[in-house]
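>>> Build me a model:
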Amino acid sequence: SLATPVARVHCDYTDNSGPKRLGQLLGEAGALSVDDPSMVHHFIKQRYAFINVWRSIDSENPIMQSPLAVCDARSFSDDDIEIYEMQYPERIGENYAARFSKRHRWAYFPMMSHDECLVFKVFDSEINSSSRFVFHTAFDDPRTPSHAPSRHSIEARCIVFF
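The predicted structure follows:
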């Protein structure tokens, strides 16, 4: 679906919504190829992660407006996080939002072209992982020229099983 860049520091899943969403996807006909329904339990119990792949789809212009920034997960603490609901026509989701902290370390990749992509983890079921959640946001870069073309990008979400 078409959407504008999200200019809010967020992570696409929470401790609760990651497993819930995987269960929803495994239960939907054709969403994931699970031939044997008894295998759903197997997938939910093993380690898995949601990975985002983000890139420009504009073959003529690099990303200048609203580039995507990611935060080093090691610079976050639980005190920086709050939960908010995402309401969809067919379900209610839950995301994390972030409170500002001077400890946060941010990175972005200016002028990304259509043949480059950013790959980052937005949920990891491994509780002891050092980067279970990667917070990210679109932002207004003050160096963006006033005549810069609008951002045209796409995000694909992948589920990986370990």
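>>> Packing partners of whichever helix in the chain runs longest?
Determined from DSSP state H, the single longest helix within the chain is helix 17-27. When contacts are defined as 3 or more CB pairs under 8 Å, 6 or more residues apart in numbering; DSSP states H and E, helix 17-27 packs onto helix 39-45, strand 48-56, strand 92-98. For glycine as for every other residue, the C-beta is placed from the backbone atoms N, C-alpha and C.
>>> Tell me how far the lowest-mean-pLDDT helix or strand in the chain lies from the chain's centre.
Ranked by mean pLDDT, DSSP states H and E, the weakest helix or strand in the chain is helix 39-45, scoring a mean of 76. Centroid displacement of helix 39-45 relative to its chain, using CA atoms, centre = their mean, to the nearest Å, is 23 Å.
>>> In PDB, list the C-alpha atoms belonging to it.
Extracted in PDB, the C-alpha atoms of helix 39-45 (Å, rounded to 0.1, in the frame of the first residue of the first chain):
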ATOM      1  CA  MET A  39       4.100 -27.300  12.000                       C
ATOM      2  CA  VAL A  40       2.800 -23.800  13.100                       C
ATOM      3  CA  HIS A  41       3.700 -24.700  16.700                       C
ATOM      4  CA  HIS A  42       7.300 -25.600  15.500                       C
ATOM      5  CA  PHE A  43       7.800 -22.300  13.800                       C
ATOM      6  CA  ILE A  44       6.600 -20.200  16.700                       C
ATOM      7  CA  LYS A  45       8.800 -22.100  19.200                       C
END
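>>> buried sites along that helix?
Val40, Phe43 (16 or more other CB atoms under 10 Å).
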